[in-house]
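1. Return atomic coordinates for the entry below.
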Amino acid sequence: MYIRVRVNPSAKKERVEEAKNGDLLLSVRDPAEQNRANTRVREIVAARFGVPVGKVRIISGHRSSGKVLSVDLPCEAEER
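-> Predicted coordinates for the structure are as follows:
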């Protein structure tokens, strides 16, 4: 499954919102340095979908605030 994400790094509070078009809007406390914000984004998305962090990959937007992530869901979750 592919998910579009808009990230706000170095925020005061972590926050997850869903936009009207289905995109995720994430505010993370980690800075956009040394891949720290991207790592936190993967952790948040993995927790939201109940999968290990290794099942979440950044497909595009590694250095951008707009990202496309791939989440490898188990077969049972895809049927819902």
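2. mean confidence score for the helix or strand hosting V7?
-> Using DSSP states H and E, V7 falls within strand 2-8. For strand 2-8, mean pLDDT is 96.
3. what's around R57, how many residues?
-> 12 (other CB atoms under 10 Å). For glycine as for every other residue, the C-beta is placed from the backbone atoms N, C-alpha and C.
4. Show me the beta-bridge partners of it.
-> S70 (DSSP bridges).
5. so it makes contact with K67?
-> No: under the contact definition of CB atoms under 8 Å, R57 does not touch K67, with a separation of 10.5 Å.
6. returning to what we had before: on contacts alone, who are the packing partners of the next helix or strand after the strand holding V7?
-> Remark: after strand 2-8, the chain's next helix or strand is strand 15-18, criterion DSSP H and E. In terms of contacts (3 or more CB pairs under 8 Å, 6 or more residues apart in numbering; DSSP states H and E), strand 15-18 is packed against strand 24-27.
7. Partner strands of the strand it packs on and their direction?
-> According to DSSP bridges, strand 24-27 has these partners: strand 2-8 (parallel), strand 15-18 (antiparallel).
8. Give the buried residues for the strand holding V7.
-> Residues of strand 2-8 classed as buried: 3, 5-7 (neighbour count, 16 or more other CB atoms under 10 Å).
9. Let me have these in a markdown table, extended by distance to L24.
-> Listed next are the buried residues of strand 2-8 as a markdown table, based on distance: CB to CB, whole Å:
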| residue | distance to L24 |
| --- | --- |
| I3 | 6 |
| V5 | 5 |
| R6 | 7 |
| V7 | 9 |
